[in-house]
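1. Here's my sequence, what's the structure:
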Amino acid sequence: MATSSLLRVLGFSLVLLVAGAPHAQAGGPSPGTIVITERMLNPALSTFQSDLKSEARATLTKNPDSESWKVHFVAHLKKSPGSPDVNIVFYELGQAAKAASKSAEPREPVQAYPIKTKQTATILISEVNLKTEEGFKPGGKYQVLITRLINGKEEVYARTSLELK
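-> You can find the predicted model right below:
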């Protein structure tokens with residue numbers, strides 16, 4: 001299967017990677033945060049930071065035409081991942097709290113999507129489609145993480161929460 005076909009099958013398309021960009025630009029989000037929006041924003045515009053603030057969403061509504069939730073996001077990483085392979089991972093919020101209190105039991109993600117990036121990237125701009133057949137449900141609340149597995153341990157570079165309507 002061709003790489004571009006595989007990416008479509010996985011339900012996401014990588015839109016833009018910004019390597020070595022400064023984290024806090026004119027009051028932008030702090031390192032380690034993910035901003036979710038309903039539409040793709042253009043980072044080349046001078047209004048990008050203000051657009052990012054005004055377009056930020058904690059709740060997304062399912063697209064009636066595609067029966068999925070389209071999640072556009074801008075992740076300001078705590079640090080460069082040091083690898084071209086990272087993931088956007090979705091955990092149920094209740095499960096994340098349980099896992100923190102019972103560290104012996106590993107938490108299971110609802111879904112994880114691989115993202116290719118530059119090893120030195122500090123900002124990721126991308127999108128992913130979430131579908132009910134992948135385990136997502138209306139009314140579900142999720143912790144969203146940009147992560148990488150290092151020696152079997154999950155390194156978290158950015159996080160946020162999301163509710164699906």
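
2. where does this structure have low pLDDT?
-> 1-27, 95-105 (pLDDT under 70).

3. Can you show me the helices along it?
-> 3-10, 48-55, 93-101 (DSSP state H).

4. ok, Leu164 - contacts?
-> Neighbour list for Leu164: 59-60, 62, 69, 130, 136-142 [criterion: Cβ atoms under 8 Å, 6 or more residues apart in numbering]. Heads up, the C-betas are built off the backbone N, CA and C, glycines and all.

5. Now list the buried members of the residues you listed.
-> Neighbour-count burial (16 or more other Cβ atoms under 10 Å) is assigned, among the contacts of Leu164, to 60, 62, 69, 130, 136, 140, 142.

6. now these in a markdown table, with distance to Lys79?
-> What follows is those, written out as a markdown table (distance: Cβ to Cβ, whole Å):
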| residue | distance to Lys79 |
| --- | --- |
| Leu60 | 28 |
| Lys62 | 34 |
| Trp69 | 29 |
| Leu130 | 27 |
| Phe136 | 29 |
| Gly140 | 30 |
| Tyr142 | 24 |
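
7. Taking those residues together, which two end up most distant?
-> Lys62 and Tyr142 (14.0 Å; Cβ to Cβ).

8. got a list of what His76 touches?
-> Per Cβ under 8 Å, 6+ apart, neighbours of His76: 23, 28-35, 122-123, 158.

9. Select only the buried ones of these in PyMOL?
-> Here is the PyMOL command that picks out the buried ones among those, judged by 16+ other Cβ under 10 Å:
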select buried, resi 23+28+29+31+32+33+34+35+122+123+158
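
10. Looking at strand pairing, list the partners for the residue most central in space within the chain.
-> Nearest to the mean C-alpha position of the chain, by Cα atoms, centre = their mean, lies Ile88 at 4.6 Å. Ile88 has these beta-bridge partners by DSSP bridges: Tyr113, Ile146.

11. Check the gap between it and Asn63 for me.
-> From Ile88 across to Asn63, the span is 18 Å (Cβ to Cβ, to the nearest Å).

12. and if you look at Pro138?
-> Between Pro138 and Asn63 the distance is 12 Å, computed by Cβ to Cβ.

13. Over to Asp51?
-> 21 Å.
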